[in-house]
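1. Got a sequence here, can you model it:
(chains A and B)
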2 protein chains.
Amino acid sequence: MTPPAIPLSAKARRTGDQPISYFMQQAIENPDLISLAAGLVDEESLPAAAVREALDGLLADPADARAALQYGTTPGLASLRRQVLDRYLAAEGVAAGEVNLSADDVVITTGSQQLLYLVGELLLDPGDVVLTEAPSYFVHHGLLTSHGARIVPVAMDDDGLDVDALEGRLQALERQGELGRVKLIYVCDYYQNPSGRTLGLERRRRLVEVTRRYGRQHRILVLEDAAYRELRFEGDDLPGVKRFDPTNDLVIYTSTFSKPCAPGLKTGFGILPRGLTAPLLRLKGNHDFGSNNLTQHVIDRLLASGAYDRHLTDLRAAYLRKRDAMLRALEREFGDVPGATWTRPTGGLYVWLSLPRHLDTGPNGRLLEEALREGVLYVPGEFCHAEGEGAPLPTWEARLCYGVATAEEIDEAIRRLRRAAGRVMVSRDAQRSAHAKPQAAAANR
Amino acid sequence: MTPPAIPLSAKARRTGDQPISYFMQQAIENPDLISLAAGLVDEESLPAAAVREALDGLLADPADARAALQYGTTPGLASLRRQVLDRYLAAEGVAAGEVNLSADDVVITTGSQQLLYLVGELLLDPGDVVLTEAPSYFVHHGLLTSHGARIVPVAMDDDGLDVDALEGRLQALERQGELGRVKLIYVCDYYQNPSGRTLGLERRRRLVEVTRRYGRQHRILVLEDAAYRELRFEGDDLPGVKRFDPTNDLVIYTSTFSKPCAPGLKTGFGILPRGLTAPLLRLKGNHDFGSNNLTQHVIDRLLASGAYDRHLTDLRAAYLRKRDAMLRALEREFGDVPGATWTRPTGGLYVWLSLPRHLDTGPNGRLLEEALREGVLYVPGEFCHAEGEGAPLPTWEARLCYGVATAEEIDEAIRRLRRAAGRVMVSRDAQRSAHAKPQAAAANR
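-> Okay, here's the model as predicted:
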């Protein structure tokens, strides 16, 4: 006897599959395929020796071993939270008092993903509005939809989020009487996932100013996702958006040890405005009453010993080489394709490729089919766009990740992508000329 | 200028502090205090050497190290899920096909707490009903309240959940037209937290039968929390409630590696009915797209090498000694207190103490005040009771954990508790006799 249906919650019914899952499966099933899709990190440089050394030291000390194997606390290991804060302050070049921060404002989470989830859960009721960059991190779109939020995309350019466009959106929402539903503005402001772009200095200042201005009646918060900040391989570090919130009221700052150290340690953190920490910890208490304690102790040691920073130096050099390999290959393969452009990230893992508009990069488009046949995979750009305010989604973009593939593989992958694009373009040209003749004949009549 | 209020979500507003937090803080601030409150595990027996060995092996192998430090997958490490299933099947003495299970039905989570949270999130809308044992695990009460669920407590006795009482509750809910809101029945069926009681064999069978009968219109699920199952130190293992659901439709089974191995590894799992795994993984994908990968690899090795089972043998012996120390001390100190009774767990970490009804164990009662003065802490029993259907909460019970204190400390803690109880009883007797005299005089008139 078939049992009756399971009545799922409204939230579960809102929660769809991540569109990327299908593509990940492709990559697993086809070992010859070079994936520029997965946002994994460089395999060769994973810090196995450093982690082993930290663990050996930890587990050889009876008191430390006991502390690491026993339960931790919901906010996370105190010494790690202290080090997170100190590193943040050092990066910003400020003292804790100048930005109204203490280690009590730091929460350790199961990757920064959990922080993103908890912030959404903390602030969002169904129908609330979150403004995001367009394009934006597609996994975050998924969780916003799960929370029932309405995503309002805001244009960006090579200088990151267009703050004028943001203000225009907020104005429009105010006119429509919907400003009260706006809870959060999400930016990935360093070497953005998916575009590789960085938010300019002046825009950082203005983002906080605009947020504060439109948040006069109820507080609107900025969620600054700085996951890639430490992966800077060119240029100067920029102050965080949070730096322009010296009273610590408006900006939630989050980052992770996954990308700059090891995803397998699954540890991230948030630095939270006063008043947000306690309710967020109440939620986290229900989720897990604290993230993995052992790996918090490992990271605490890696930071304290300097092994983390030494690893970071190597990693930045590795990603610079791989980014260069990708840019060189793109220039060689797509330099002659009219309308093809791509970003030149100075850190992080991603290049954003924009193709001639007739080249549909989407999951049902010809290009992806040909790319899979050639043995290369990318993330269709449309996955990174939320349904906008009536405007059709761009369908000619792709996220290319140089994180996991080797420099040689990246070179070969771009070559394959060009062959795939070439076949689509050729068949289109052939169709065009087939269509062109009767039209020309008609014109001659 | 003070910024305006942060508008929290309805869920965040429903989410209160865990009542236990205050008591944990007491324990931290007073190092002389012996805590029988915290559900921590024995410190001496934490498997530091075994974990170190597993990690050394793991990180010395370049391919394994890479796999453990890279991203994992949302359901968790495939070989670990396979081992979890195999161990479960071996405990039940069945083949996978007989109970309609495969490793795809296993999900690895951030402790079993995350599984409990996800199950609630998956099934519960505000106003839905969850039936629980009375008393029940107070942290679970907290998350149910956060999800907006209505908790309906069901009586239990020394044989665990009273399934007749459960059926009575379901009948009443049906009469009230509320059966459609019943989504879940939660049982901690081995050495229950907080009572130490185990659900009897025949009741296990009947629990599934009753659930199936009342779930004819929509599916009602059972959440079987077997967190303490492996900590059996006396008697035979009983089949899980899930064993009586051979089509794998009704019972969610969850357990953890925290209690039997190390809480710091923060790894638990669920074995889920068909049809539930995919939507649960969609939620988990948003939470963290997979729990800590490194510790999953560690546990996978501990299980495969036999180190886990060797540790378990030692641990069971340690907890048996500590349970004996607690029972001996209770007999010595409370054997002469009329009305005082306590449970005799055959596994797990908890004894449930029931005192004469006039001894208020609550957070504002005299006993707790005296106990803190003596230097001993317990969990007030009322924390483990949800507001029932009009019936007043029992206020004379306490959860005593023999997990973390040594046998000597346990002995001393019970001595202190008896002194505290003694002072409350003496002062009550004094009050009584002060009151008794005029009453006697009145009676003599």
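2. so residue A:329 touches residue A:407, yeah?
-> No: counting by CB atoms under 8 Å, residue A:329 does not reach residue A:407; the two are 9.4 Å apart. For glycine as for every other residue, the C-beta is placed from the backbone atoms N, C-alpha and C.
3. Mind checking which of those two has more residues around it?
-> residue A:329 (21 against 17; other CB atoms under 10 Å in any protein chain shown).
4. Now for that one: which residues touch it?
-> Residue A:329 makes contacts with A:410, A:411, A:413, A:414, A:415, as judged by CB atoms under 8 Å, 6 or more residues apart in numbering or on different chains.
5. do the same with residue A:59
-> Residues near residue A:59 by CB under 8 Å, 6+ apart: A:65, A:68, B:48, B:49, B:51, B:52, B:55.
6. of those, buried ones?
-> Those of the contacts of residue A:59 that meet the buried threshold are A:65, A:68, B:48, B:51, B:52, B:55, by 16 or more other CB atoms under 10 Å in any protein chain shown.
7. between those, which is nearest residue B:221?
-> Ranked by distance to residue B:221 (CB to CB), those are led by residue B:51 at 34.5 Å.
8. So the closest one lies in a helix, does it not?
-> Yes: under DSSP: H, G, I helix; E, B strand; the rest coil, residue B:51 falls within a helix.
9. Which pLDDT value goes with it?
-> Per-residue pLDDT puts residue B:51 at 96.
10. Going along the chain, name the strands of chain A.
-> For chain A, the strands defined by DSSP state E cover A:34-35, A:106-109, A:129-134, A:150-157, A:160-161, A:182-187, A:221-225, A:251-256, A:268-271, A:341-342, A:350-354, A:376-377, A:379-380, A:397-401.
11. what does the stretch 251-400 of chain A put close to chain B?
-> For the stretch 251-400 of chain A, the residues in contact with chain B (CB under 8 Å from any CB of the partner chain) are A:258, A:262-267, A:273, A:275-276, A:279, A:282-283, A:285-295, A:297.
12. show me what contacts residue A:159?
-> A:197, A:199, A:200, A:203.
13. now the most centrally placed residue in chain A, nearest residue through space, not along the chain?
-> The structure's chain A has its C-alpha centroid closest to residue A:193; by CA atoms, centre = their mean the separation is 3.8 Å. Distance criterion CB to CB, 6 or more residues apart in numbering or on different chains; nearest residue to residue A:193, sequence neighbours excluded, is residue A:137 at 4.8 Å.
14. Distance check, the nearest residue to residue A:72 once chain neighbours are set aside against residue B:202.
-> Leaving aside its sequence neighbours, residue A:72 sits nearest to residue A:293 (CB to CB, 6+ apart; 3.5 Å). Using CB to CB, to the nearest Å, residue A:293 is found at 40 Å from residue B:202.
15. between these two, who's got more neighbours?
-> With neighbours defined as other CB under 10 Å, residue A:293 and residue B:202 compare such that residue A:293 has more, 26 against 10.
16. which stretches of chain A aren't confidently modelled?
-> Along chain A, the parts satisfying pLDDT under 70 run over A:1, A:20-21, A:24, A:28, A:388-390, A:434-445.
17. near chain B, which residues of the stretch 101-250 of chain A?
-> So the stretch 101-250 of chain A meets chain B at A:110-111, A:113-114, A:117, A:121-125, A:128, A:139, A:142-143, A:146-147, A:183, A:212, A:215-219, A:221, A:247, A:249-250 (CB under 8 Å from any CB).
18. and the residues you listed, which are buried?
-> Of these, these count as buried by 16+ other CB under 10 Å: A:110-111, A:113-114, A:117, A:121-125, A:128, A:139, A:142-143, A:146-147, A:183, A:212, A:215, A:218-219, A:221, A:249-250.
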